[in-house]
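K.L.:
dropping the sequence and predicted coords here.
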Amino acid sequence: MGNNEIIKGQNTSYTRYEELINRRDDLRKKAFQYQAAYVSIFGDLIIELFRKKIECIRKKKTIEYCQASLNHGKTVEQEKLQEYLEQEMADFNKQLDNMVKEHKASLASTVLTEIELSEIKRIYHRLVKMIHPDMNPSVAKSEELMDLWNRVVVCYDCNDLTGLQELEVLVTKAVSAASLEEADIMIPNIEEKISDIEKQIRTIMETDPYQYKFLLDDKELVEKKRQELRCELKEYEEYSNQLDEVLEGIIGSGVKITWQMSLK
């Protein structure tokens, strides 16, 4: 990607820096939206696949636990086994919960009009000039302004127009109270920072989730991705059945383990 694609026109370093920050943040937002769209389309299969992966991990850990007990001549106590598994699987289950929440959020997203999207961008760009920590280093010294900025980023990424409108009022009031003057803003090593942001822009555009846009825009690729997920799910289902056979062989004929997966 050439420099002309990053930013056009002859600008001062400060103006260029501001425009690059807006460009980078806009790309990050698009990447966030592509991620949400990806999860909306493939989330059900991804979650089902991850559930099956967790099931296989749990069974494999059970096999390892039982084999170790038998190797030492110990009896496998199911209560201790379950405690061990719950501890070992805690992070996996937490990850699954987060995936389910992300999927629900992606399905609940609303479609905005061009006017609403334009207003979101207008407000955000105004707030960037006022309290973006990169544009105004003194903001980082204020807990109140940093909290407001973090809330602005969340609203911007989620296309929350109402939230941004409310924050615009709060930010204007806070900036006035803090007596921040644009003329006093000094950005040290600005050329180095411009170069760094250009690199960030290239990285965003060349990696996922921004790259999802090319998949999402192609119906054939979407269907191919679904088929790949279904095939992978089938492989894990077969692997899970194989683990069941190994378990029965280790524990003994007719002995069963009650699976308490704690999955939602």
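P.N.:
The structure has been received and is ready for your questions. Numbers count the residues shown, from 1 in each chain.
K.L.:
could I get the contacting residues of the nearest residue to Cys155 once chain neighbours are set aside?
P.N.:
In space, and not counting its chain neighbours, Cys155 is closest to Gly163: 3.8 Å by Cβ to Cβ, 6 or more residues apart in numbering. Quick note: C-beta positions are derived from backbone N, CA and C, even for glycine. Listed by Cβ atoms under 8 Å, 6 or more residues apart in numbering, the contact partners of Gly163 are Arg151, Val154, Cys155.
K.L.:
buried only: go through those residues for me.
P.N.:
Burial of these was assessed by neighbour count (16 or more other Cβ atoms under 10 Å); the buried members are Arg151, Cys155.
K.L.:
among the contacts of Gly163, which lie within helices?
P.N.:
Those of the contacts of Gly163 mapping onto helices are Arg151, Val154, Cys155, per DSSP state H.
K.L.:
distance check, the second one against Lys199.
P.N.:
Think Val154. Distance, Val154 to Lys199, by Cβ to Cβ, to the nearest Å: 25 Å.
K.L.:
cool, Ser13 as well?
P.N.:
17 Å.
K.L.:
go on, Lys173?
P.N.:
From Lys173 to Lys199 the distance is 36 Å (Cβ to Cβ).
K.L.:
mind showing which ranges of the stretch 101-250 of the chain have poor pLDDT?
P.N.:
Applying pLDDT under 70 to the stretch 101-250 of the chain flags the ranges 180-186.
K.L.:
Glu198 reaches Glu19, doesn't it?
P.N.:
No: the pair Glu198 / Glu19 is not scored as a contact, 11.4 Å apart, by Cβ atoms under 8 Å.
K.L.:
now do the SS call for the residue in the chain sticking out farthest from the centre.
P.N.:
For the chain, the largest distance from the centre (Cα atoms, centre = their mean) belongs to Gly73, which lies 46.1 Å off. The three-state label given to Gly73 by DSSP: H, G, I helix; E, B strand; the rest coil is coil.
K.L.:
look at it and report its pLDDT.
P.N.:
The model reports Gly73 with a pLDDT of 76.
K.L.:
what about Arg28, distance to Tyr210?
P.N.:
8 Å.
K.L.:
which residues do the two both contact?
P.N.:
Contacts common to Arg28 and Tyr210, judged by Cβ under 8 Å, 6+ apart, are Ile204.
K.L.:
quick check: buried residues in stretch 13-28?
P.N.:
Neighbour count says stretch 13-28 has 16-28 buried, by 16+ other Cβ under 10 Å.
K.L.:
please apply the same query to stretch 102-116.
P.N.:
So stretch 102-116, judged by 16+ other Cβ under 10 Å, has buried residues Glu102, His103, Ser106.
K.L.:
measure the first one to Leu164 for me?
P.N.:
Relative to Leu164, Glu102 is positioned 22 Å away (criterion: Cβ to Cβ).
K.L.:
do the second one as well
P.N.:
When Cβ to Cβ is applied, the distance between His103 and Leu164 equals 25 Å.
K.L.:
over to Ile190?
P.N.:
With Cβ to Cβ as the criterion, Ile190 and Leu164 are 27 Å apart.
K.L.:
so which of these two has more stuff around it?
P.N.:
Taking neighbours as other Cβ atoms under 10 Å, Ile190 and Leu164 compare with Leu164 leading, 24 against 14.
K.L.:
correct me, but the more buried one touches Val153?
P.N.:
No: at 10.4 Å, Leu164 does not count as touching Val153 under the criterion of Cβ under 8 Å.
K.L.:
please enumerate the helices of the chain.
P.N.:
Under DSSP H, the chain gives helices at 3-6, 13-71, 78-108, 114-131, 143-157, 161-178, 190-206, 212-216, 219-251.
K.L.:
run the chain-centre distance for the fifth one.
P.N.:
Remark: helix 143-157 is offset 18 Å from the chain centroid, using Cα atoms, centre = their mean, to the nearest Å.
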